[in-house]
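Asker: only the shape, not the letters, is given here:
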């Protein structure tokens, strides 16, 4: 009996020592993209994107900073609050994809990468607003805004939202929680 108690005590002490040696991740106040906190004014954010090899350009109708996001060429836009012009979100727009199968495959690929890093999405929907059978009908439903493919992942300091937009692009939104609260407050004042 004494031996069992000593073994249990030794196990508890060794687990406590291992936990003390494991570095804890500090809780971040803001969501980051490539170690850039998503906060502050737009100009420093632009400079930070430029320093990480993003260049100003235009992809179709989307103007922004073009560079690689998750190994894909995407165009980043910086979204700011209406009054204080605080950055609250970065949105990465993928290239326009004509074929539904390729669009869905890219969405699922990015979703799998996000799931590996952040775990299961806190919510997701992958459906059409009406019954759609053929690939051509699916593509039309996307452009008509009747496609709801969206996954939301919780990250330190905010949310990462993956979705398919009506321009047939796979998009990633990096939404800072503190900045989004400021944005909602400013919008509510306008109403």
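Answerer: Received it, and whenever you're ready, just let me know what you need. As the structure is a prediction and not an experimental result, all values here were calculated from the model.
Asker: do me a favour and average the pLDDT over stretch 168-187.
Answerer: Taken as a whole, stretch 168-187 carries a mean pLDDT of 93.
Asker: chain center to that stretch, what's the gap?
Answerer: Remark: stretch 168-187 is offset 10 Å from the chain centroid, using CA atoms, centre = their mean, to the nearest Å.
Asker: repeat for stretch 95-103
Answerer: 20 Å.
Asker: ok, and for that stretch, which residues are buried?
Answerer: 97, 100, 103 (16 or more other CB atoms under 10 Å). Heads up, the C-betas are built off the backbone N, CA and C, glycines and all.
Asker: do the same with stretch 179-188
Answerer: 179, 180, 182, 183, 186.
Asker: ok, stretch 37-50 next?
Answerer: Within stretch 37-50, the residues scored as buried using 16+ other CB under 10 Å are 37, 38, 39, 40, 45, 46, 48, 49.
Asker: which strand residues bridge the residue nearest the centre of the chain?
Answerer: What sits nearest the mean C-alpha location of the chain, by CA atoms, centre = their mean, is residue 160, with 2.5 Å. Using DSSP bridges, the bridge partners assigned to residue 160 are residue 153, residue 174.
Asker: gap between it and residue 121?
Answerer: 9 Å (CB to CB, to the nearest Å).
Asker: what is in contact with those two at once?
Answerer: Shared contacts of residue 160 and residue 121 (CB atoms under 8 Å, 6 or more residues apart in numbering): 114, 152, 153.
Asker: which SS state does the residue found closest to residue 189 once you drop the neighbours it is linked to in the chain fall under?
Answerer: Spatial nearest neighbour of residue 189, chain neighbours left out: residue 83 (7.6 Å); criterion: CB to CB, 6 or more residues apart in numbering. State at residue 83, reduced to three classes by DSSP: H, G, I helix; E, B strand; the rest coil: coil.
Asker: isn't residue 83 up against residue 186?
Answerer: Yes - counting by CB atoms under 8 Å, residue 83 does reach residue 186; the two are 4.7 Å apart.
Asker: contacts for stretch 98-111 next, please.
Answerer: Stretch 98-111 is contacted from outside by 70, 72, 94, 97, 121, 124, 135, 138-139, 142, 149, 151, 162, 164, 168, 170, 172, using CB under 8 Å, 6+ apart.
Asker: apply 6 Å and report the result again.
Answerer: 97, 135, 138, 139, 149, 151, 162, 164, 168, 170 (CB atoms under 6 Å, 6 or more residues apart in numbering).
Asker: burial count for the fourth one?
Answerer: The one in question is residue 139. 19 (other CB atoms under 10 Å).
Asker: same check, this time on the one 10 residues further on
Answerer: Residues near residue 149, counting by other CB under 10 Å, number 20.
Asker: which ones are touching it?
Answerer: By CB under 6 Å, 6+ apart, the neighbours of residue 149 are 107, 126, 164.
Asker: least confident of these?
Answerer: Among the contacts of residue 149, residue 126 has the weakest pLDDT, 92.
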